[in-house]
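**Q** Output the structure for:
(one chain, ligands or ions: 2)
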Amino acid sequence: EVSDEDPIGRPKKLCVVLNPFSGKKSARKIFQNEIKPLLEAAGVLFDLKETERQNHAHEIAYKLDILQYDGIVCVSGDGILVEIVNGLLNRKDWGTAIKVPLGVIPAGTGNGMAKSLLDSADDLCTVPNATFTIIRGHRRALDVATILQNEKKSFNVLSLTWGLVADIDIESERYRWMGSARMDLYKYLHFKGRIGNDLMALFRVLNLRKYNGHIHFIPAPGFEAYGDPVIHVDDCKCEVLLSKWSKGGNDNTEQCKYMGPEVAMERMEWRSIDGPFISVLVHNVPFSGEDYMPAPKAEFADGYLDVIIVKDSPKSGLLEMMLSMSDGSYIKSPYILYFKVKALRLQPSSRVGQPTKGGIIDSDGEVIAGGDQPESCLMAYGPPIQM
Ligand code: ADP
Ligand code: MG
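**A** Numbers count the residues shown, from 1 in each chain. Ligands and ions are numbered 1, 2, ... in the order given. Model prediction:
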């Protein structure tokens, strides 16, 4: 029985958003067999909504009568959570909406958030554990990063990747769906588990690309010595982007969607690192999948993003890193630069006469820039949500 005054805030009614196509397409079965009985036994009411297409979870969160619920729970992979956070932050009443706790029950291919929440210790990332944690009303704050690209704004929950790792993830995803006789063996192995991703990693490392461009960042305290000082602020055009950005937050007297964090970034000291890069990762939480821990030092609500950069490494060093990513120990590699930032601007470029290209930028599984049209993006920690 749950009383009105429950101090730890056990939920009475949840909105469950289920993606029937997550992972091995077993989310429905998982819900019926493992989750529903626990919710019923605990006396937690729920409305079940199944996603019918891409972006449907975004629409659900955007329109949901949130005051009816004590939480929104995803039975899916990370993709649905990302859509829900974006849907909530695009609402006019986003300030209220982001106070609604969000939960994830791992049922997808990529369950980085569930793994990060339930933590590193061995076997805690299971459906029953996630369900119990939700029923008990456990919660913690999580920073969401705001990404700005020209006029486009989106919100990032897990990670932004550029270069090698982005290519591996996106190409694996592509080959998962597209028929290609050449990739049949690969697809077969991918469905068998993470070996597919490792194979793609191997393939990419053997055909190593480097990516041109540069990053500018505001270092977190303790990381002021990373990179080089930006002397000519004009070079990075940060001012233009930032003034546009901070204007949105205050200009509108009527409530409007979340416009980005109000930080006086113009006054902070920017630093820079120039490419070419092999890989640039920006992480908000430690795990990006159950078997991948790219950012072992990432914290949920410290106000900083963890940045991991590989500028140069022999192929053997890269393979070693890939193989020790599951427990985060790869960051000990001498080829890795690991630091924390308050904001980061990533600017891919293709230089005339150079064989390397800008590469793609992947934000939480979605390509936000890439190919022959390099587009820079600025990213900074944003409002905390409740997980
Ligand atoms: P996985 O971890 O297996 O990728 P996710 O739950 O993260 O699973 O979902 C992956 C993608 O599936 C999301 O980007 C979402 O937009 C999309 N999606 C959701 N519902 C459907 C549907 N009914 N049909 C096809 N795709 C869908
Ligand atoms: Mg953080």
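**Q** buried set for stretch 73-90?
**A** Buried residues in stretch 73-90, defined by neighbour count with 16 or more other C-beta atoms under 10 Å: 73-90. Where you see a C-beta, it was placed from the backbone N, CA and C, and this is true even at glycine.
**Q** Can you sort out which of those residues also neighbour ligand 2?
**A** Applying C-beta under 5 Å from the ion, the subset of these adjacent to ligand 2 is empty.
**Q** Keep only those of those residues that are in strands.
**A** Val73, Cys74, Val75, Ser76 (DSSP state E).
**Q** Using JSON lines, lay out these together with pLDDT.
**A** Shown next, in JSON lines, are these (pLDDT from 0 to 100):
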{"residue": "Val73", "pLDDT": "97"}
{"residue": "Cys74", "pLDDT": "97"}
{"residue": "Val75", "pLDDT": "98"}
{"residue": "Ser76", "pLDDT": "96"}
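**Q** for these, which one is nearest ligand 2?
**A** When these are compared for distance to ligand 2 (C-beta to the ion), Cys74 wins out at 20.8 Å.
**Q** from the ones in strands among the buried residues of stretch 73-90, which are also near ligand 1?
**A** By C-beta under 6 Å from any ligand atom, the members of these lying near ligand 1 are Ser76.
**Q** Of the ones in strands among the buried residues of stretch 73-90, which is the nearest to ligand 1?
**A** Ser76 (3.2 Å; C-beta to the nearest ligand atom).
**Q** who's in contact with whatever residue of the stretch 201-350 of the chain ends up closest to ligand 1?
**A** The minimum distance from the stretch 201-350 of the chain to ligand 1, using C-beta to the nearest ligand atom, falls at Gly289 (8.7 Å). Taking C-beta atoms under 8 Å, 6 or more residues apart in numbering as the criterion, Gly289 is in contact with Thr109, Gly110, Asn111, Gly112, Lys115, Arg194.
**Q** now swap in Ile273 and tell me
**A** Contacts for Ile273 (C-beta under 8 Å, 6+ apart) come out as His214, Ile215, Phe217, Tyr226, Gly227, Asp228, Ile309, Lys311, Leu337.
**Q** my guess is the fifth one contacts Val307, does it?
**A** No - in this structure Gly227 lies outside contact range of Val307 using C-beta atoms under 8 Å: 9.9 Å.
**Q** Give me the common contacts of these two.
**A** Residues touching both Gly227 and Val307 (C-beta under 8 Å, 6+ apart): Ile215, Phe217.
**Q** the more surrounded of these two?
**A** For Gly227 versus Val307, neighbours defined as other C-beta atoms under 10 Å are more numerous around Val307 (26 against 22).
**Q** what packs against the helix or strand hosting that one?
**A** Here Val307 sits within strand 305-310, counting by DSSP states H and E. Where contact means 3 or more C-beta pairs under 8 Å, 6 or more residues apart in numbering; DSSP states H and E, strand 305-310 is packed against strand 213-219, strand 279-283, strand 336-348, strand 377-386.
**Q** do that again at 6 Å, thanks
**A** When contacts are defined as 3 or more C-beta pairs under 6 Å, 6 or more residues apart in numbering; DSSP states H and E, strand 305-310 sits against strand 279-283, strand 336-348.
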